[in-house]
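[1] The following comprises the amino acid sequence and a computationally predicted model.
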Amino acid sequence: MQTLKDKVILITGANRGIGKSLVKSSLEKGARKIYATSRDLSKMPNFGDERVVTLELDITDNAQILKIAEQTKDVEVLINNAGILSQGNVLEGEISAVENDMKVNYYGTINMMRAFAPTLEKNAPSKIVNIVSIVAYSPLPSLAGYSASKTALYSATLSVRTELVKKGVTVHAINPGAIDTDMNKGSEWDMPAPDGIATIILDKVEAGELDIVPDEMGLGMFNAWKEAPSKLAEMFSNMYHGE
Ligand SMILES: NC(=O)c1ccc[n+]([C@@H]2O[C@H](COP(=O)([O-])OP(=O)(O)OC[C@H]3O[C@@H](n4cnc5c(N)ncnc54)[C@H](OP(=O)(O)O)[C@@H]3O)[C@@H](O)[C@H]2O)c1
């Protein structure tokens, strides 16, 4: 088991939701230093621990990514958590919303992996942990742009896993179902809080699991997909049509 104790971890979108919980959980696991990044530092909570170093980072700004990568050459675990979700189907949804989901969730995250790969190779054994989504396995049509961006990200995650496997960098994909964060504001689903989910994610990363579904709802969806991809597609079709 490769634990996170004494590791240097960088987390994107660390000011709220799952990212904020991943910072707290990394502290509990004994990380040596945590670069908690956010596109607006005025929104960053006070984690009350000197091991947390806050940095401004918008993952759609590649110049900023390269600058931060230059300043953080001790990173051993890169957690790509930042993401956005837009509502809308393929046929009638706003194209600009589809583009934005791709810009943040796909291009932003692959630019992070590209910028940090040399550091992670130098500091191996090291890790990339990408927060993807269960919709990487099958699209939820009401979130078509988001689903496409996460499917693209999952594909890139699997590519990079193979590209780095011989270089001592392990690449994990986290595919949650639904977690109780701002992203799901207004939903009536019974969802787990992000703190417990962050701990499950990091426990499974430490255990070396590569494809991680950390919540019950996500697991139900994942198991349906494993039985037959059409089963998950049918579940999502029923949700889309309100059945
Ligand atoms: N919640 C779920 O059910 C669920 C399920 C599957 C996957 N996920 C994934 O989990 C990750 C975290 O989501 P969450 O549920 O914690 O949502 P959230 O509460 O909405 O948090 C999203 C985080 O991403 C940051 N962010 C957005 N665009 C960014 C950019 N361009 N550069 C840097 N940071 C940016 C946000 O910063 P600001 O505060 O500045 O906006 C915020 O910190 C996302 O990748 C999401 O797709 C969530």
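    Ah, there it is.
[2] contacting residues around T170?
    For T170, the contact set (Cβ atoms under 8 Å, 6 or more residues apart in numbering) comprises 2, 125-128, 161, 164, 208, 210. All C-beta atoms are positioned from the backbone trio N, CA, C, and that covers glycine.
[3] switch to 10 Å and redo it
    2, 77, 120, 124-129, 161, 164, 205, 208, 210 (Cβ atoms under 10 Å, 6 or more residues apart in numbering).
[4] Also M239?
    140-142.
[5] can you redo those as JSON lines with neighbour count?
    Converted to JSON lines, the contacts of M239 look like this (neighbours: other Cβ atoms under 10 Å):
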{"residue": "L140", "neighbour count": "21"}
{"residue": "P141", "neighbour count": "19"}
{"residue": "S142", "neighbour count": "14"}
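[6] Restricted to helices, list the contacts of T170.
    120, 161, 164, 205 (DSSP state H).
[7] Can you pick out the most distant pair from these?
    L164 and V205 (15.2 Å; Cβ to Cβ).
[8] Am I right that E76 is in contact with K5?
    No - at 11.3 Å, E76 does not count as touching K5 under the criterion of Cβ atoms under 10 Å.
[9] who touches both of those two?
    Common neighbours of E76 and K5 (criterion: Cβ under 10 Å, 6+ apart): 31-32.
[10] Which one's more surrounded, these two?
    E76 (23 against 10; other Cβ atoms under 10 Å).
[11] returning to what we had before: among the contacts of T170, which ones are buried?
    77, 120, 126-129, 161, 164, 205 (16 or more other Cβ atoms under 10 Å).
[12] Give me the contact status of stretch 132-151 with the ligand.
    Yes - counting by Cβ under 6 Å from any ligand atom, the ligand is contacted by stretch 132-151 at S133.
[13] list the contacts for the most centrally placed residue in the chain?
    Taking Cα atoms, centre = their mean, the centroid of the chain lies closest to I131, which sits 1.7 Å from it. Contact analysis of I131 by Cβ under 10 Å, 6+ apart lists 11-13, 17-19, 22, 79-83, 105, 109, 150, 153, 172-176, 179, 201, 212, 214.
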